[in-house]
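Undergrad: here you go, sequence then predicted model.
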Amino acid sequence: MLRKILESNLGPMTDTEFEEALDLATTDIVVNRIAFDKRTSLNEVVEITERCFISLSRGKVA
């Protein structure tokens, strides 16, 4: 479900790109939200994961 939402907003992504973005987003949420007892909605998860994917894409220059 999350992958479909992300791909509709960002375009197609490989399994590796999805896993890397999700791993980075999970770490971000744990460090910056759960540690401060904040809840994270689906909309916030999508936004955080989109930012992580874009950041990872910038680092991959062909």
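TA: Cool, got the structure. Numbers count the residues shown, from 1 in each chain.

Undergrad: any idea which helix or strand carries the most centrally placed residue in the chain?
TA: The centroid of the chain falls nearest to residue 49 when counting by Cα atoms, centre = their mean (1.6 Å). When elements are assigned from DSSP states H and E, residue 49 belongs to helix 42-59.

Undergrad: dump the residue contacts of the residue lying closest to residue 53 once chain neighbours are set aside.
TA: In space, and not counting its chain neighbours, residue 53 is closest to residue 21: 4.0 Å by Cβ to Cβ, 6 or more residues apart in numbering. No exception for glycine: its C-beta is placed from N, CA and C like everyone else's. Residue 21 makes contact with 6, 13, 49, 52, 53, 56 under the criterion Cβ atoms under 8 Å, 6 or more residues apart in numbering.

Undergrad: how near is the third one to residue 42?
TA: Read that as residue 49. 10 Å (Cβ to Cβ, to the nearest Å).

Undergrad: got the buried residues for the helix or strand harbouring the residue nearest to residue 53?
TA: For residue 21, the host element (DSSP H and E) is helix 15-32. For helix 15-32, burial by neighbour count (16 or more other Cβ atoms under 10 Å) applies to 17, 18, 20, 21, 22, 24, 25, 29.

Undergrad: ok, residue 38 to residue 46 distance?
TA: On the measure of Cβ to Cβ, residue 38 and residue 46 end up 16 Å apart.

Undergrad: who has more neighbours, the two?
TA: Between residue 38 and residue 46, counted using other Cβ atoms under 10 Å, residue 46 has the larger neighbour count: 15 against 10.

Undergrad: what pLDDT does the nearest residue to that one once chain neighbours are set aside get?
TA: Counting by Cβ to Cβ, 6+ apart, residue 5 is the residue found nearest to residue 46 once chain neighbours are left out, at 5.5 Å. Residue 5 is assigned 95 on the pLDDT scale.
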